[in-house]
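Asks: Have a look; sequence and predicted model below, questions after that.
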Amino acid sequence: MTAANFCCRNLRHLANLIEERRGGAYGAVILGVLTFCLGLSLGSTVTIAQAPPNVLIVGWDGVQRGHLKEMISKGEVPNLMQLASEGNLVAIDILGNTETKPGWVTVLTGYFSEKHRVRGNYHWETIPVGLTILERLEGYYGDENIFTAMLHGKQGNMNGMEERWIPVDGWTKPNPPHTAKMREKDSIQYWYVPRQQYFYTKDNVDLFKSYLSKGSPLDNMNGKTGEYTLQVMDEYSGSEQFAIFVQFNSPDKVGHKRGENSQEYTDDIISLDYWLGRFVEKLKELGVYENTLIYVTSDHGFNEGKRTHNDAPFVFLATNDESVMRRGYLVDIAPTIYESLGINWEEFEPILDGRPLNEPYNPPTWD
């Protein structure tokens, strides 16, 4: 992210706030004056990008911060560090359940589970309509002006399916369906799978895909998700503003199978770093990288040396957003993105639980 882009983005943010409070014409005049003054101070003319920034949120499912620190010290994630050199790399902690379902929903909404209603992998309701970043950007910019996509490598905890009633007698697999509970209806025993958390969300974004890693071997789970994301960028990024969330599920699966301290876990994160580099290359090839904010984060870590993550609250945020200035919590990522886009998130209903990482924040000692 160049200095000129950063300055222009913040000028737009200031103008948006002025427009909300004093009217559009007043905001436009102030923006013009500030732009002129900035041009004089830099000794050159500043051209404000006509298109608002794009957003790419890259999810690395189950990457433990401590393990990532060790890899950074060995130079094993060069693309992540290059991205962070243009913005920042900060510690992120999780307040609450360290499972996949609530973790990603917290990232995408800026709410704790009391508001987004997803309390765990086996205890959830559907997310209320309009709470995710992608839905809010659709509403803010207008559906015709922005392309939004949710792309998931995982299926079980990352889909938008309707509730299912599966007759037990007709189920031939050794294990019950994921998250299913046995229930009786009309004297028949069923495996009941509740409606999934993204049931409403999937209909309010332009593209929703789950289980992109289907059929992939354990040592190469990222290829299908990465290639599909590149295809989406090719098809949509040139014509309009975009906001894309892509979730790679492989670190979580490898961690469960081989353990957090395994070489396979390390190798998988190296693979994720490779795909981050491919995304950056594609955005540069398309001529939109300089106007794209990228955020790489995780939904939970792993218990040290274990194959579980029941108490794994330590993750990270890497970004080329140079306004990010401090560490924080998972719930802070969504308001950070809104702040960088110049969107007045403080007026959202319900009130966001997080605070932007691009401004100082001293929480009250008693509230």
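Replies: Perfect, I can see it now. This structure is a prediction, so every number in the text was calculated from the model and none was measured.
Asks: residue contacts, the residue nearest the centre of the chain?
Replies: Central residue of the chain (C-alpha atoms, centre = their mean): I57, 4.0 Å from the mean position. I57 is in contact with 107-108, 133, 243-246, 294-295, 297, 337, counting by C-beta atoms under 8 Å, 6 or more residues apart in numbering. All C-beta spots, glycine's among them, are computed from the backbone N, C-alpha and C.
Asks: again, only using 10 Å
Replies: I57 makes contact with 104, 107-108, 133-134, 150, 243-247, 293-297, 319, 333-334, 337, according to C-beta atoms under 10 Å, 6 or more residues apart in numbering.
Asks: what does N358 give?
Replies: Counting by C-beta under 10 Å, 6+ apart, N358 has contacts 10, 87-88, 319, 321-326, 332, 335-337, 339-340.
Asks: The same query, at a cut-off of 6 Å, please.
Replies: Contacts for N358 (C-beta atoms under 6 Å, 6 or more residues apart in numbering) come out as 323-325, 336, 339.
Asks: Can I get these in CSV including pLDDT and neighbour count?
Replies: Output for these, formatted as CSV (pLDDT from 0 to 100; neighbours: other C-beta atoms under 10 Å):
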residue, pLDDT, neighbour count
S323, 98, 20
V324, 98, 27
M325, 97, 17
T336, 98, 28
E339, 98, 21
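Asks: Taking these, tell me the two that lie furthest apart.
Replies: Of all pairs drawn from the contacts of N358, the one with the longest distance (C-beta to C-beta) is M325 and E339, at 11.1 Å.
Asks: mind giving me the domain split of this structure?
Replies: 3-42, 54-160+196-347, 162-195 (automatic domain parsing).
Asks: what about the helices in the stretch 201-350 of the chain?
Replies: 223-236, 250-258, 263-285, 333-341 (DSSP state H, counting those that start in this stretch).
Asks: Sheet-wise, list the partners of the strand or helix carrying the residue nearest to the centre of the chain with their directions.
Replies: Using DSSP states H and E, I57 falls within strand 54-60. Here strand 54-60 is paired, per DSSP bridges, with strand 241-248 (parallel), strand 292-297 (parallel).
Asks: I'd like those strands as JSON lines, with mean pLDDT, mean neighbour count and distance to T172 appended.
Replies: Compiled in JSON lines, the strands paired with strand 54-60 are given as follows (pLDDT from 0 to 100; neighbours: other C-beta atoms under 10 Å; distance: least, C-beta to C-beta, whole Å):
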{"stretch": "strand 241-248", "mean pLDDT": "96", "mean neighbour count": "25", "distance to T172": "30"}
{"stretch": "strand 292-297", "mean pLDDT": "98", "mean neighbour count": "23", "distance to T172": "39"}
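Asks: Would you tell me which of those gets closest to I269?
Replies: strand 241-248 (9.8 Å).
Asks: Send me the closest one as CSV with only the CA atoms.
Replies: This file holds the C-alpha atoms of strand 241-248, laid out as CSV (Å, rounded to 0.1, in the frame of the first residue of the first chain):
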residue,chain,number,x,y,z
GLN,A,241,-14.9,-3.4,-6.6
PHE,A,242,-14.6,-6.8,-4.8
ALA,A,243,-14.6,-8.2,-1.3
ILE,A,244,-13.6,-11.9,-1.0
PHE,A,245,-13.2,-14.2,2.0
VAL,A,246,-11.3,-17.4,1.3
GLN,A,247,-10.8,-20.0,4.0
PHE,A,248,-8.1,-22.7,3.8
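Asks: Now find how far off-centre that strand is within its chain.
Replies: Here strand 241-248 is found 7 Å from its chain centre; the criterion is C-alpha atoms, centre = their mean, to the nearest Å.
Asks: Repeat that for stretch 357-367.
Replies: What separates the centre of stretch 357-367 from the centre of its chain is 23 Å, taken as C-alpha atoms, centre = their mean.
Asks: next one: stretch 104-117
Replies: How far stretch 104-117 lies from its chain's middle: 12 Å, per C-alpha atoms, centre = their mean.
Asks: Name the residues of that stretch that are buried.
Replies: By 16 or more other C-beta atoms under 10 Å, the buried positions in stretch 104-117 come out as 104-113, 115-117.
Asks: With stretch 134-147 instead?
Replies: 134-138, 141, 146-147.
Asks: do stretch 247-266 as well
Replies: 247-256, 258-260, 265-266.
Asks: quick one: which of the residues you listed is nearest E125?
Replies: For the buried residues of stretch 247-266, the nearest to E125 is Q247 (20.3 Å; C-beta to C-beta).
Asks: Return the set of residues that bridge with that closest one.
Replies: Going by DSSP bridges, Q247 is paired in beta bridges with G59, H152.
Asks: what sits against it?
Replies: Q247 sits next to 59, 152-153 when contact means C-beta under 6 Å, 6+ apart.
Asks: out of those, who's nearest Y192?
Replies: H152 (22.8 Å).
Asks: right, and that closest one touches N159 too?
Replies: No - with contact defined as C-beta atoms under 6 Å, H152 and N159 do not form a contacting pair (7.1 Å).
Asks: So for these two, which sits in the more crowded spot?
Replies: Using other C-beta atoms under 10 Å, the more surrounded residue of H152 and N159 is H152, with 26 against 18.
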